[in-house]
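What follows is a predicted structure for the sequence shown.
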Amino acid sequence: MKNQIRYAALAFGVLAIGYYLWHGLTSHDVFGWVGPQMALPIIALTVIPIAFAFTGDGILSALTGNNSSEFRHGLMGLGTVEGVRQTGVYLNEQPQVRIDFRVEGSDGKVFPSHAKMIVPLTQLALLRPGVVLPVRYLPDRLDKVEVDLSGDTAAAQDAMNAAMIRKGFTTPAKIDIARRGIAAQAVVRSLSVPGEIRDGHSRLDLVLVVTRPDGSTFETRTEKFLAPAMVSLVQVGRVVGVHYLPENEQEVVLSLPVNSAN
């Protein structure tokens with residue numbers, strides 16, 4: 001879409017200027033260069049910069065609410081924000097920002113990349129280092145990505161699950177429990193840190209008291225790898241969300257938002 005708009009604007013410019021030159025060179029009128037024909041190149045010189053400006057990175061997506069046609073069906077990856085800065089471009093007084101990412105692709109490959117997008121001023125503070133966002137990328141062009149705007153939460157969750165399995169943070173069985181299990185609340189009774197670290201995440205061994213839907217409770221143990229900033233969410237006495245299967249209450253999976261404490 002972006003390239004089509006730009007090509008159309010350039011083609012219009014070439015035709016408008018070409019017609020003006022043809023009219024001036026072939027006219028036998030002394031005023032052959034002056035007249036209504038002047039309007040076409042003037043319009044073209046106005047339209048072309050506007051077309052290029054409004055099809056800049058992130059601007060067309062902001063206007064349509066969708067990813068560009070180039071990235072719309074790209075692969076889903078996970079982008080960890082490493083830095084954010086404004087580019088100086090504004091759309092309806094909302095700034096365009098460049099977001100530097102460390103992206104983990106669907107195949108587990110990690111690469112640096114960036115995206116440009118229009119971000120409302122009220123949401124700008126949410127884009128801070130460490131925040132994880134679903135992104136779309138092209139395997140043959142890794143220097144640039146787009147933040148996923150499709151709203152496909154299932155695809156984003158699948159990408160997150162696959163990444164967690166690769167890193168050893170979870171297992172397919174635990175993901176199945178999280179998907180099919182009963183949602184409940186639990187109180188952290190005890191917490192220990194055995195010292196195992198994976199990809200900057202520490203292993204925590206937890207004893208939980210889980211409340212069943214009927215109000216009764218049971219005690220179980222589980223482990224969870226968490227980033228240092230999220231350890232405060234599972235301190236003794238805290239209430240956490242969990243999932244479990246009634247036929248196996250000893251296997252409990254914690255459900256914590258990815259960016260809840262970053």
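Everything's here; your move. Numbers count the residues shown, from 1 in each chain.

so where does D143 fall, helix or strand?
For D143, the element it lies in under DSSP states H and E is strand 141-147.

residues making contact with that strand?
With contact meaning CB atoms under 8 Å, 6 or more residues apart in numbering, strand 141-147 is reached by 57-58, 61, 67-68, 71, 74, 77, 79, 99, 101, 103, 111, 113-115, 117, 133-138. Yep, even glycine has a C-beta here, placed from its N, CA and C like the rest.

again, but for stretch 210-224
Residues contacting stretch 210-224 (CB under 8 Å, 6+ apart): 182, 184-186, 189, 203-209, 234, 242, 244, 249-254, 256.

In helices only, show me these.
Using DSSP state H, no member of these sits in helices.

Any of those buried? List them.
184, 186, 203-204, 206-208, 234, 242, 244, 251-254 (16 or more other CB atoms under 10 Å).

Return the member of those residues nearest to V193.
L204 (5.9 Å; CB to CB).

all helices for this protein, in order.
2-26, 39-54, 59-64, 153-166, 172-180.

Would you reformat the ones you listed as CSV and include mean pLDDT and distance to I197?
Below are those laid out as CSV (pLDDT from 0 to 100; distance: least, CB to CB, whole Å):
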stretch, mean pLDDT, distance to I197
helix 2-26, 76, 43
helix 39-54, 71, 47
helix 59-64, 59, 38
helix 153-166, 87, 15
helix 172-180, 91, 19
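
would you list the ones you listed in TSV and tack on distance to E146 and mean neighbour count?
Formatted as TSV, the helices of the chain follow (distance: least, CB to CB, whole Å; neighbours: other CB atoms under 10 Å):
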stretch	distance to E146	mean neighbour count
helix 2-26	11	14
helix 39-54	17	14
helix 59-64	7	17
helix 153-166	13	16
helix 172-180	27	15
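
and these as TSV, adding distance to R238?
As requested, these are exported to TSV (distance: least, CB to CB, whole Å):
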stretch	distance to R238
helix 2-26	47
helix 39-54	48
helix 59-64	39
helix 153-166	22
helix 172-180	19
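
related to what we said a few turns ago, got the CA coordinates for the strand holding D143 in PDB?
In PDB, the C-alpha atoms belonging to strand 141-147 read as follows (Å, rounded to 0.1, in the frame of the first residue of the first chain):
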ATOM      1  CA  ARG A 141      14.800  -8.100   6.200                       C
ATOM      2  CA  LEU A 142      15.600  -8.200   9.800                       C
ATOM      3  CA  ASP A 143      16.700  -4.600  10.300                       C
ATOM      4  CA  LYS A 144      13.100  -3.400  10.500                       C
ATOM      5  CA  VAL A 145       9.900  -4.700  12.200                       C
ATOM      6  CA  GLU A 146       6.400  -3.500  13.000                       C
ATOM      7  CA  VAL A 147       4.600  -3.700  16.300                       C
END
